[in-house]
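[1] For reference, the sequence and a predicted model appear below.
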Amino acid sequence: MVGRVAGNVRSLLPVLLATAAGALTWAGFPPLDLWPAAVAGPGGLMALTQGRGAWAGSGLGLAYGVGFFTPLLHFTAVAMGNPVGWSALVAFEALYLALLGSAWATVSRLPLLEESGAVSGGTDSPAWARQVPLPAARGVLRVVVFALLWAGTEELRSSWPLGGFPFGRLAFAMADAPLLPTAAYGGSLGLSFLVAAAGACGAEALSGLRRARLLPVLAGSAGAAVLVLAPGTAAAWASSALQAQDEGSVRIGAVQGNVAEDFEDAFARALEVTSNHAEATHQLAADAGAGTLDLVVWPENAADLDPRSHAASAAVVDDAARAVGTPLLLGAVPYEDGVRYNDVLVWTAGEGAGDYYRKHRPVPFGEYVPARDLVRQVTTQVDRVSVDLLPGTGPHTLTVPAAAQDREVTLAVGICFEVAYDDTLRSGVLQGGQAIIIPTNNASFLHSGEAAQQLAQGRVQAVIHGRSLVQVSTVGHTAVISPDGVVQQAVEPYTQASLVADVGLRGSVTVADRLGDWPGRGVLGLSAILVLAGMVGAARHRVAAPRPGS
């Protein structure tokens, strides 16, 4: 009996360790911000799944995904007030890690990557595989291949289906890490690749320790340290040597009007949210002086009634714009023909609404419901999103007058979760955006980790695109971020306040933006080839394996 219990515990141990490795990875993200944990966690998954069967790797990857996404995405339960959406999203996102676990388990058994260099003991390895020096070269190959598979899985998860969901990219845990400068060259994908590779080096060191081999321990540890420190140092040096210069600046006021913690009632009480932001803008005008700013930015949904269609809201907004003596950028939600949109529009006192940016990537199940009738059969929670929000099709920029300078400035714009998508912000930059503006509404997430995750994403995106970034929230975090990812100013969450900053403008384009989508396509293609090779190798091994009794 005791032996049976001990055997059950031993069989469960890898699952428990995989779940713990996932939770360790989460610790690298806000609000804990222990970035080395996000390096170590993927290494744990690599070590646990290496050399196993595809199904075992899949199960361990699933456990890792549950351990990672359960705390990371808890903000969805806070927003909904129940665990239904949270559980569904965690389960779906964890499937990608199950895919990764299965892929790595299969690929790691290729002769070129196996510790022994053989499928079944030595001579079955092809000649080209036997000629690879052991063990160092195989260790390097394992590191590169695992990092490729991780990056490929992450790219797939961040783009498919329904536009993907990039929360939890390893890159977004690196806002305070030495690796951050590399984002300007490889984007989120390249930064995540380096983090996964560093974790894989740690797994190689762990493997050497388990086998009491000093050389792999030293090589793996050194490799992890070099990957964490050297690329970021080189990228920072290159960036400073080729430093893009600001092409002037704009003096921006960012207004955080605050929302009552019963946020749903607050948005239902007509003009309460709008009035909060107008009040903060009047105080900003008194503090900074009317006409001293080039532009004032309000957050997403700051106008709870669209001033383009509600006269009372227009009067409040116009009065605030007149008081501060500069155009306002503000968020509003128009309803048209049974659907709605999410806009950021330019409002000039006495003239009213001008150009607008319309959100391109609404959030599935948060802002619209795909296959609504089908999903309703699973849960009635689907009807909490009563009117679908549709994507915009216009440019990713807004050109606004800089009031104090008598000139126009083009800004790249992304609303709320769009800050997590490299390609959305890249489009704005390539269309001439000289700085990035992120209006957001974090009120529904209360004191969860969502706002802090979003701020970290903004810091990474500032580096990727080489632009100053201003994030403006209803409740926080409202902040100004420099092109090197440093938070220069920030407002305390859940306070009514504003900040004023001279935001630098740039026209240069980073290497990451010049490369565009090609690295992602390349990584997905290489990952597919590796998985196919692993499947073929596994099939050949099954055919070649002696049958019982033969």
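    Arrived safely.
[2] Please tell me I have it right and residue 439 contacts residue 344.
    Yes - if you go by C-beta atoms under 8 Å, residue 439 and residue 344 touch, sitting 5.3 Å apart. The way it works is simple: take the backbone N, C-alpha and C, and place the C-beta from them, glycine included.
[3] Of those two, give the one with the bigger neighbour count.
    When residue 439 and residue 344 are compared on other C-beta atoms under 10 Å, the one with more neighbours turns out to be residue 439, at 30 against 27.
[4] Which secondary structure state does the more buried one sit in?
    strand (DSSP: H, G, I helix; E, B strand; the rest coil).
[5] what's it in contact with, if anything?
    Contacts for residue 439 were tallied using C-beta atoms under 8 Å, 6 or more residues apart in numbering; they are 297-300, 302, 329-331, 344, 413, 415-416, 472-473.
[6] Go again with 10 Å.
    254, 297-302, 329-331, 342-344, 357, 359, 413-416, 418, 470-474, 478 (C-beta atoms under 10 Å, 6 or more residues apart in numbering).
[7] coming back round to it: pull up the overlap in contacts between residue 439 and residue 344.
    In contact with both residue 439 and residue 344: 297-300, 302, 329-331, 357, 359, 413-415, 472, using C-beta under 10 Å, 6+ apart.
[8] With distance to residue 179, neighbour count and secondary structure as new columns, can those be given to me in TSV?
    Shown next, in TSV, are these (distance: C-beta to C-beta, whole Å; neighbours: other C-beta atoms under 10 Å; DSSP: H, G, I helix; E, B strand; the rest coil):
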residue	distance to residue 179	neighbour count	secondary structure
297	30	26	strand
298	34	31	coil
299	30	32	coil
300	30	24	coil
302	35	30	coil
329	33	27	strand
330	36	32	strand
331	33	29	strand
357	31	26	strand
359	30	26	coil
413	28	26	strand
414	23	29	coil
415	28	26	coil
472	28	34	strand
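[9] Now do the particular helix or strand that has residue 218 in it: distance to the chain's middle.
    In the assignment (DSSP states H and E), residue 218 maps to helix 214-241. For helix 214-241, the separation from the chain centroid amounts to 23 Å (computed by C-alpha atoms, centre = their mean, to the nearest Å).
[10] Identify the neighbouring strands of the next helix or strand after that helix in the sheet and state each direction.
    The element immediately downstream of helix 214-241 (helix or strand, assigned by DSSP H and E) is strand 249-256. With DSSP bridges as the test, strand 249-256 is paired with strand 295-297 (parallel), strand 497-504 (antiparallel).
[11] so which of these is the most packed in?
    strand 295-297 (a mean of 27; mean count of other C-beta atoms under 10 Å).
[12] Tell me the first helix or strand C-terminal of it.
    Toward the C-terminus, strand 295-297 is succeeded by helix 311-324 as the next helix or strand (DSSP H and E).
[13] Show me what that next one is packed against.
    Contact here means 3 or more C-beta pairs under 10 Å, 6 or more residues apart in numbering; DSSP states H and E; on that basis helix 311-324 packs against strand 249-256, helix 272-288, strand 295-297, strand 328-332, strand 343-348, strand 352-358.
[14] Would you mind listing the buried residues in the last one?
    In other words, strand 352-358. Within strand 352-358, the residues that qualify as buried are 353, 356-358, counting by 16 or more other C-beta atoms under 10 Å.
[15] what residues are up against residue 367?
    Contacts of residue 367 (C-beta under 10 Å, 6+ apart): 333, 340-342, 359, 361, 385, 387-391, 416-417.
[16] count of neighbours near the residue nearest to residue 68 when sequence neighbours are not counted?
    Counting by C-beta to C-beta, 6 or more residues apart in numbering, residue 68 lies nearest to residue 22, which is 3.6 Å off, once chain neighbours are set aside. By other C-beta under 10 Å, the residues close to residue 22 number 28.
[17] Spit out the contact partners of residue 22.
    Residue 22 makes contact with 41-42, 44-45, 60-72, 94, 97, according to C-beta under 10 Å, 6+ apart.
[18] Which pLDDT value belongs to residue 263?
    Looking at residue 263, its pLDDT stands at 64.
[19] same question but for residue 215, I mixed them up
    Looking at residue 215, its pLDDT is 83.
[20] Ok, residue 1 next?
    pLDDT, residue 1: 58.
[21] Ok, residue 278 next?
    pLDDT, residue 278: 98.
[22] just the one 5 residues further on next, same as before
    Note on residue 283: pLDDT of 97.
[23] do residue 543 as well
    79.
[24] again with residue 80
    The model's pLDDT for residue 80 equals 86.
[25] now swap in residue 297 and tell me
    Here the pLDDT value assigned to residue 297 is 98.
[26] ok so, going back, could you export the helices and strands packed on helix 311-324 as CSV, including distance to residue 544?
    Listed next are those as CSV, based on distance: least, C-beta to C-beta, whole Å:
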stretch, distance to residue 544
strand 249-256, 65
helix 272-288, 68
strand 295-297, 65
strand 328-332, 63
strand 343-348, 62
strand 352-358, 58
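[27] For residue 51, the count of nearby residues, please.
    Residues near residue 51, counting by other C-beta under 10 Å: 16.
[28] Could you shift the numbering so residue one becomes 24, and keep it that way?
    Sounds good: first residue 24 from here, last item residue 74.
[29] where exactly do the strands run in the stretch 474-573 of the chain?
    Under the criterion DSSP state E, counting those that start in this stretch, the stretch 474-573 of the chain contains strands at 492-496, 501-504, 510-514, 520-527.
[30] Please produce JSON lines containing those strands, extended by distance to residue 242.
    Listed next are the strands of the stretch 474-573 of the chain as JSON lines, based on distance: least, C-beta to C-beta, whole Å:
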{"stretch": "strand 492-496", "distance to residue 242": "39"}
{"stretch": "strand 501-504", "distance to residue 242": "37"}
{"stretch": "strand 510-514", "distance to residue 242": "37"}
{"stretch": "strand 520-527", "distance to residue 242": "43"}
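[31] Could you save those strands as TSV and add columns showing distance to residue 307 and mean pLDDT?
    Formatted as TSV, the strands of the stretch 474-573 of the chain follow (distance: least, C-beta to C-beta, whole Å; pLDDT from 0 to 100):
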stretch	distance to residue 307	mean pLDDT
strand 492-496	12	98
strand 501-504	12	98
strand 510-514	12	97
strand 520-527	4	97
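[32] Tell me what the closest residue to residue 352 other than its chain neighbours is bridged to.
    Distances taken as C-beta to C-beta, 6+ apart put residue 320 closest to residue 352, at 4.5 Å, once the chain neighbours are dropped. For residue 320, the beta-bridge partners are residue 277, residue 352 (DSSP bridges).
[33] Would you confirm that residue 320 contacts residue 493?
    Yes - Residue 320 lies in contact with residue 493 (C-beta atoms under 10 Å); the separation is 6.4 Å.
[34] what sits in contact with each of these two?
    Common contact partners of residue 320 and residue 493 (C-beta under 10 Å, 6+ apart): 275-277, 352, 434, 460-462, 501.
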